[in-house]
Structures are given as structure tokens and as C-alpha cells.
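need a 3D model of the sequence below.
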Amino acid sequence: MGRLADVIVRLRGRDYPLVTGLVARMGGREVFLPAEQVADLGTEKIALTSPRVDLRHFERREGEVLLRADVLGHRVIDVADAELVRAYDIELEQRPGDGC
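Below is the predicted model of the structure:
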């Protein structure tokens, strides 16, 4: 039905960022899919818990970080090596109790 456009996270201090939702491109517009509605995030498809999708245009909220738009291709600090590096990929991991 659509394509994944971005992944939305919220920063949580020293904890890993929490995925709060996805931005999907559907019918020429970008829409928000809440993390709670994502049943499975696979490499080829995303399974939702409900066929209902809010088709209103996605609007970014205060404090949201878009992984593709804000992180990929940008310079970030590699804390372990204390150096500035360019982010070319991002690894997502599901952790117990964190939802999506």
C-alpha cells in the first residue's frame, strides 16, 4: 500500500532512543503510523495490527528525530571512539518492554 519513508524516535537521555512511529508514503502523501500499530518490521514489508490508517498528512512534533532525514548522511559523534563520523546506516533492535 505504501513505502517506508522514515522512522521516528524520541531521545531518552542515556537510554537508547525509542521508536515512536513510522512515516509511510502512501498515495503521494506522508502519513504517520504509530509504533503500537506495527506488528512486524521486516526487511521487505511492515505488518500492521489494524488495516486502518490515519491518512492525514504527517506533521513532525517537537522532540521527534527522523532517522533518515536527521541522522543518515549527517555527521554524528561516535561516543565509544570520541570522534566525529558520518552515519551511513542505522541498526534497529527490539528490546523487551520497548514496543516497536
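
let me see the contact set for Arg56.
For Arg56, the contact set (Cβ atoms under 8 Å, 6 or more residues apart in numbering) comprises 31-32. In this view, the C-beta of every residue, glycine as well, is placed from N, C-alpha and C.

what about 10 Å?
The contact partners of Arg56, by Cβ atoms under 10 Å, 6 or more residues apart in numbering, come to 29, 31-32.

do Met26 as well
1-3, 5, 33, 53, 55 are the contacts of Met26 under Cβ under 10 Å, 6+ apart.

and which of the residues you listed is nearest to Asp89?
Nearest to Asp89 out of the contacts of Met26 is Ala5 (Cβ to Cβ; 16.9 Å).

next structured bit after the helix or strand that contains that closest one?
Following DSSP states H and E, one finds Ala5 within strand 3-12. Using DSSP H and E, the next helix or strand after strand 3-12 towards the C-terminus is strand 15-26.

can you pull the buried residues of the helix or strand following that next one?
Using DSSP H and E, the helix or strand that follows strand 15-26 towards the C-terminus is strand 29-34. For strand 29-34, the neighbour count (16 or more other Cβ atoms under 10 Å) marks 30-33 as buried.

circling back: pull up the pairing partners for the strand holding Ala5, direction included.
Here strand 3-12 has these sheet partners by DSSP bridges: strand 15-26 (antiparallel), strand 64-66 (antiparallel).
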